[in-house]
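Trainee: Make a model of this:
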Amino acid sequence: MQTNVTNANGRVTVKLTGRFDFNAHREFRDAIDESLKSTEKNVVIDLSTVDYLDSSALGMLLMLRDKTKNVGKTVSLAGANGAVKQVLDIANFSKLFPLI
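Mentor: Prediction:
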């Protein structure tokens, strides 16, 4: 998985590309740590170019939700489509995260 962190329009966007699974935990953690250093209050995880996501990725997103909450930030998920959207729907993530 590849990550790209950008600051624009009052938010930090973490764009993920490729397979989001257990093997991506280090890259994800590094990107999240970078995003939390920003003064922006909104963190957006852009899933538009993620082609696979598994249960460990869901766990990483839940840990991110807790981390952002602890530092007074919010997190949203954006651009989920296809199988990735289906996994998020099955896991009822729309009740846990704003999906944009």
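Trainee: Would you map the helices across the chain?
Mentor: In the chain, the helices defined using DSSP state H lie at 25-36, 55-70, 82-90.
Trainee: Make TSV from these and add mean pLDDT, mean neighbour count and distance to Gln2 to it.
Mentor: Quick note: C-beta positions are derived from backbone N, CA and C, even for glycine. Listed next are the helices of the chain as TSV, based on pLDDT from 0 to 100; neighbours: other CB atoms under 10 Å; distance: least, CB to CB, whole Å:
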stretch	mean pLDDT	mean neighbour count	distance to Gln2
helix 25-36	94	17	7
helix 55-70	96	16	14
helix 82-90	96	15	15
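Trainee: Adding distance to Leu16, write those out as CSV.
Mentor: Formatted as CSV, those follow (distance: least, CB to CB, whole Å):
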stretch, distance to Leu16
helix 25-36, 7
helix 55-70, 9
helix 82-90, 10
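Trainee: So which of the ones you listed is nearest Val44?
Mentor: Smallest distance to Val44 across those (CB to CB): 9.1 Å, for helix 25-36.
Trainee: what's the closest of the helices of the chain to Ser48?
Mentor: Comparing the helices of the chain against Ser48 with CB to CB, the closest turns out to be helix 82-90 (8.9 Å).
Trainee: Work out the gap between the closest one and the centre of the chain.
Mentor: 14 Å (CA atoms, centre = their mean, to the nearest Å).
Trainee: try stretch 69-76
Mentor: 12 Å.
Trainee: Name the surrounding residues that touch it.
Mentor: Identification of contacts with stretch 69-76 by CB atoms under 8 Å, 6 or more residues apart in numbering yields 36, 40-45, 64-65, 68, 97-100.
Trainee: can you pull the buried residues of that stretch?
Mentor: Applying a neighbour-count criterion of 16 or more other CB atoms under 10 Å, one finds 73, 75-76 buried in stretch 69-76.
Trainee: Going by distance to Thr13, which of the residues you listed wins?
Mentor: Closest to Thr13, out of all of the buried residues of stretch 69-76 and judged by CB to CB, is Ser76, at 9.7 Å.
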